[in-house]
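**Student:** Show me the folded form of this:
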Amino acid sequence: MKRIFFFFLLILLLVSCSTVPVKTVDEKGTYAWESEKFELNPQNQAFSAEGAVTMWIDVEQFKGKFTGDYQILSSDPEKWRMIITGPFNISVATVIINGGTANIFHEGIWDSGPWSEISKQLFNASVDGDLFSVMLGGRFRFEGECAELGTGEKLCRKNGIYYKIAGGKVLEIASGDLYIVSEKKRHFPTGKGRRGKGKKQGGGTVENRKRWIGVNRGRPAFIFENKHLDTSAELQNSLFEAPNSDEPDIFDEL
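**Tutor:** Next comes the predicted model:
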């Protein structure tokens, strides 16, 4: 009986630890760096992305783990709009990012501040536009240094952020105390989109969904699970402008 108990305990421990991937990027290694410039997914300049998100929120009144859904829109590398919803499609927060400044709508009011600080509260780590683009499947412009690792992989660095790349796809990211690892998750497509709506031409359900797990200082920070990317969406400039505190949010009408 004891053996059975310890067997199931071991399985439980393995499952609980399986969500924290192992970091493989070695920033302090010796590499033959060479200047390099390239762009991944150049066709996805503007896009709308949807999926599931798990966040370990670092705000005193909401501190803890949250699981919900995201819709993220981007018209260029500096402009982002993020809508986070919880169970029963209840609105949790809307975030508008313009460069280094962000406006966040929560609990009926708009707040503003540096995106670097707001992202630490939401995702327990600083996440910039490049990281969002990579994780969501959008365009990613790189101009920095790269070194061959062998077996078809290479390590690239730009502004202190390291990217492990193979086959034209980013596999892992390391940025200070944060590292992000991609995993494939098998999913059988249903042909339905957000809230059961059909997809427009130019979008598609991901059969091998990609899940990005962020780990900060050895602890889970966030998980993004991609479900849909629509590059045919027409994104108006007003989507990336925060209304005044007494104005309704544009998404209140949807």
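**Student:** ok, the strand or helix carrying Trp110: who's next to it in the sheet?
**Tutor:** Assigning secondary structure by DSSP states H and E places Trp110 in strand 109-114. For strand 109-114, sheet partners with direction are given as strand 101-106 (antiparallel), following DSSP bridges.
**Student:** neighbouring contacts of the strand it pairs with?
**Tutor:** 92-96, 110-115, 118-119, 242, 249 (CB atoms under 8 Å, 6 or more residues apart in numbering). All C-beta spots, glycine's among them, are computed from the backbone N, C-alpha and C.
**Student:** ok, Ser182 touching Lys210?
**Tutor:** Yes - the criterion here is CB atoms under 8 Å, and Ser182 meets it with Lys210 at 5.5 Å.
**Student:** what about the strand holding Trp110, average pLDDT?
**Tutor:** Strand 109-114 shows an average pLDDT of 88 in the prediction.
**Student:** Next, the buried residues of it.
**Tutor:** Judged by neighbour count (16 or more other CB atoms under 10 Å), strand 109-114 contains these buried residues: Trp110.
**Student:** Distance from that strand to the middle of the chain?
**Tutor:** Relative to the chain's own centre, strand 109-114 is displaced by 21 Å; criterion: CA atoms, centre = their mean, to the nearest Å.
**Student:** Next secondary structure element downstream of that strand?
**Tutor:** Sequence-wise, the next helix or strand beyond strand 109-114 is helix 115-123, with elements assigned using DSSP H and E.
**Student:** any residues touching the next helix or strand after that next one, and which ones?
**Tutor:** Past helix 115-123, further along toward the C-terminus, the next helix or strand under DSSP H and E is helix 129-136. When contacts are defined by CB under 8 Å, 6+ apart, helix 129-136 is touched by residues 40-41, 47, 49, 72, 74, 77-78, 80, 97, 138-140, 158, 161, 163, 170, 173, 175, 180, 182, 212, 224, 226, 229.
**Student:** Please apply the same query to stretch 112-120.
**Tutor:** With contact meaning CB under 8 Å, 6+ apart, stretch 112-120 is reached by 58, 95, 97, 99-104, 125-128, 242.
**Student:** Buried only: go through the contacts of helix 129-136 for me.
**Tutor:** Neighbour-count burial within the contacts of helix 129-136 applies to 40-41, 47, 49, 72, 74, 77, 80, 97, 138-140, 161, 163, 170, 173, 175, 180, 182, 212, 224, 226, 229; the criterion is 16+ other CB under 10 Å.
**Student:** May I ask which helix or strand of the protein has the lowest mean pLDDT?
**Tutor:** None of the helices or strands of the chain scores lower by mean pLDDT, DSSP states H and E than helix 2-17, at a mean of 35.
**Student:** which regions of the stretch 51-200 of the chain lie under the pLDDT threshold?
**Tutor:** In the predicted model of the stretch 51-200 of the chain, residues 61, 185-200 satisfy pLDDT under 70.
**Student:** cutoff 90 now
**Tutor:** 57-64, 76-77, 87-93, 99-100, 105-111, 116, 118-126, 128, 150-151, 184-200 (pLDDT under 90).
**Student:** where exactly do the strands run in it?
**Tutor:** 64-76, 79-85, 91-98, 101-106, 109-114, 140-150, 153-158, 161-166, 169-175, 178-186 (DSSP state E, counting those that start in this stretch).
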